[in-house]
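Colleague: sharing a model prediction with you, sequence too.
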Number of protein chains: 2
Amino acid sequence: MKLTSEQKGRFADEGYIFLPDVFTADEVAVMRGEVPRIFAQRRPENVRERTGDVVRTAFATHTYDPTFAALARHPRMVEPVIDLLGGPAYIHQFKINAKAAFDGDQWQWHQDYGTWSNDDDMPGPHAMNVAVFLDDVTEFNGALMFIPRSHKLGVLEAGHDLQTTSYPLWTIDNDTIRRLVGEGGLVAPKGKAGSVLMFHGNLVHASPGNLSPFDRTIVYVSLNRVDNAIRRFKRPEWIAHRDFRPIEPLPDDCLLTLSKAA
Amino acid sequence: MKLTSEQKGRFADEGYIFLPDVFTADEVAVMRGEVPRIFAQRRPENVRERTGDVVRTAFATHTYDPTFAALARHPRMVEPVIDLLGGPAYIHQFKINAKAAFDGDQWQWHQDYGTWSNDDDMPGPHAMNVAVFLDDVTEFNGALMFIPRSHKLGVLEAGHDLQTTSYPLWTIDNDTIRRLVGEGGLVAPKGKAGSVLMFHGNLVHASPGNLSPFDRTIVYVSLNRVDNAIRRFKRPEWIAHRDFRPIEPLPDDCLLTLSKAA
């Protein structure tokens, strides 16, 4: 999968691109089918919501689940990223965010690179996210909100929020958000399961809770350029990986052949 | 303002109608202009969010603020309601829900008549809500979600939620919501300030929090048919009014003449 120069220009300018139909319904079904088994596990990588016994984030599933190990090396996920980052990439973080029906809580306004820089000492913003939708994302189930063009402002001042949700985050203050939205507006890309959203590590984003009866499962893969590896190992390995070898993409049908073999 | 038979049919069938442009920009500006002064007051009628010192709901503002007293008797608000309820009406509850930018919290799934029946002993579901938008309501700032046709099911079993927000509510369980949405779907009517949303007292609804930098101020007027007055006075008068005299509508320009007189 090659991005067009128009798509690359849009990523550079807006800080994100939305790609519908990257994964087929069959491929989504294979991935979605693994999720209940993963969420049922009691393991430190599975962070729960502050209310109730519902998984909020399952970290590092690619290290123990063969299906997500295949997604982590999938050419449709990896090749555009290498193109956008301008060099070989490794996986800095890999997680499934559940945003479960009824229970899924909000994520406050933040930049991911802010956290990667503050906590992991990642040298530069040569890292980005790929969001793979495993459920339809609609206006009802907590779609991600982006402030377009906010990635051009570098790392914004942030405070360490340890209170408002169950996962610590470096969040940006209200006055700054108001100003940035005044300049760049607000978008919430929505689409069917199998869609992919690629966004810059400095793009400011948030997402509301999910009161709807529809799950909103998204896999977030954070990829970092190999020459930009992190230098501080304060967070657990399953949150900030230390295997800096470049990803070698698998064949295009890797998710389906795996399913047949299993 | 007379509703068409098509609009009345839609209300009967779906449980709600959305009416854009009921109040002009000038009328909205008059009402919106009163809000900061009202929210700045320390009085029992102003219920605050569980997080921070931000007003969530300002009850009974029509009892002390002349502008909202005019809205409470505004013919464009009252006449359609008398038509839909099939008889003269009084105001059971009047409130401004702030859903403030950044801080506005969610409202769980509920029916209003469930609360009016359980708490206030209102005899039948011959009461309804009028939501007057004082801000644009968008996909970003916590639009109300309705389950169409759910008003036809009567009062659903509910539990008294005293925990998840700062205001106690009789809320409906997840399995029931899942089933109702499976049958009726989900809608989130959005529109400009000055729009009006009329909905049945038994229509199941909820609304998410507001993480955006845009306020979402809505006036909710709950009107009850005069022959259906409440019989228990457990809640404060400013939450469940006891003046059962029928509303007599004011002239159509009441919001603007008031403003000139002031």
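Modeller: Now that the structure is in, tell me what you want to look at.

Colleague: which residues in chain A form strands?
Modeller: A:16-19, A:46-48, A:55-59, A:89-97, A:107-110, A:127-133, A:145-146, A:159-161, A:169-171, A:196-200, A:205-207, A:218-225 (DSSP state E).

Colleague: quick one: which of those strands is nearest chain B?
Modeller: Smallest distance to chain B across those (C-beta to the nearest C-beta): 5.0 Å, for strand A:205-207. C-beta: built from backbone N, CA, C; applies to glycine.

Colleague: other SSEs contacting the closest one?
Modeller: Applying 3 or more C-beta pairs under 8 Å, 6 or more residues apart in numbering or on different chains; DSSP states H and E, one finds that strand A:205-207 contacts strand A:107-110, strand A:145-146.

Colleague: mind putting those strands in TSV, mean pLDDT and mean neighbour count included?
Modeller: Output for the helices and strands packed on strand A:205-207, formatted as TSV (pLDDT from 0 to 100; neighbours: other C-beta atoms under 10 Å in any protein chain shown):
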stretch	mean pLDDT	mean neighbour count
strand A:107-110	91	23
strand A:145-146	98	24
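
Colleague: just send those strands back as JSON lines, with distance to chain B too.
Modeller: Formatted as JSON lines, those follow (distance: least, C-beta to the nearest C-beta, whole Å):
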{"stretch": "strand A:107-110", "distance to chain B": "7"}
{"stretch": "strand A:145-146", "distance to chain B": "6"}
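
Colleague: columns distance to residue A:24 on top of the ones you listed, output as CSV?
Modeller: Shown next, in CSV, are the helices and strands packed on strand A:205-207 (distance: least, C-beta to C-beta, whole Å):
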stretch, distance to residue A:24
strand A:107-110, 28
strand A:145-146, 26
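
Colleague: which one of those lies nearest to residue A:139?
Modeller: Distance to residue A:139, taken as C-beta to C-beta, is lowest for strand A:145-146 among these, at 11.3 Å.

Colleague: could you give the separation of the closest one from the chain centroid?
Modeller: Distance of strand A:145-146 from the chain centroid (C-alpha atoms, centre = their mean, to the nearest Å) equals 13 Å.

Colleague: contacting residues around that strand?
Modeller: A:15-16, A:186-189, A:199, A:203-208, B:140, B:211-212 (C-beta atoms under 8 Å, 6 or more residues apart in numbering or on different chains).

Colleague: do you know the pLDDT at residue A:140?
Modeller: pLDDT, residue A:140: 96.

Colleague: and it, how many residues sit next to it?
Modeller: A total of 24 residues lie near residue A:140 under the criterion other C-beta atoms under 10 Å in any protein chain shown.

Colleague: show me the contacts for it.
Modeller: Neighbour list for residue A:140: A:210, A:212, A:214, B:145, B:186, B:188 [criterion: C-beta under 8 Å, 6+ apart].

Colleague: and the fourth one, how far from residue B:188?
Modeller: Yep, that's residue B:145 we're talking about. Taking C-beta to C-beta, to the nearest Å as the measure, residue B:145 falls 5 Å from residue B:188.

Colleague: what does the stretch 1-150 of chain A put close to chain B?
Modeller: By C-beta under 8 Å from any C-beta of the partner chain, the part of the stretch 1-150 of chain A that sits against chain B consists of A:51, A:101-102, A:106, A:108-109, A:139-140, A:142-143, A:145.

Colleague: returning to what we had before: let's have the contacts of residue A:140 in JSON lines, adding distance to residue A:123.
Modeller: Shown next, in JSON lines, are the contacts of residue A:140 (distance: C-beta to C-beta, whole Å):
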{"residue": "A:210", "distance to residue A:123": "35"}
{"residue": "A:212", "distance to residue A:123": "40"}
{"residue": "A:214", "distance to residue A:123": "40"}
{"residue": "B:145", "distance to residue A:123": "44"}
{"residue": "B:186", "distance to residue A:123": "45"}
{"residue": "B:188", "distance to residue A:123": "43"}
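
Colleague: out of these, who's nearest residue B:20?
Modeller: Checking those against residue B:20 by C-beta to C-beta gives residue B:188 as the nearest, at 15.0 Å.

Colleague: give me the number of neighbouring residues for residue A:195.
Modeller: For residue A:195, the neighbour count with other C-beta under 10 Å is 21.

Colleague: so it makes contact with residue A:25?
Modeller: No - applying C-beta atoms under 8 Å, one finds residue A:195 not in contact with residue A:25, separated by 11.8 Å.

Colleague: from what I see, residue A:254 and residue A:74 are in contact.
Modeller: Yes - at 6.1 Å, residue A:254 and residue A:74 qualify as touching, with contact defined as C-beta under 8 Å.
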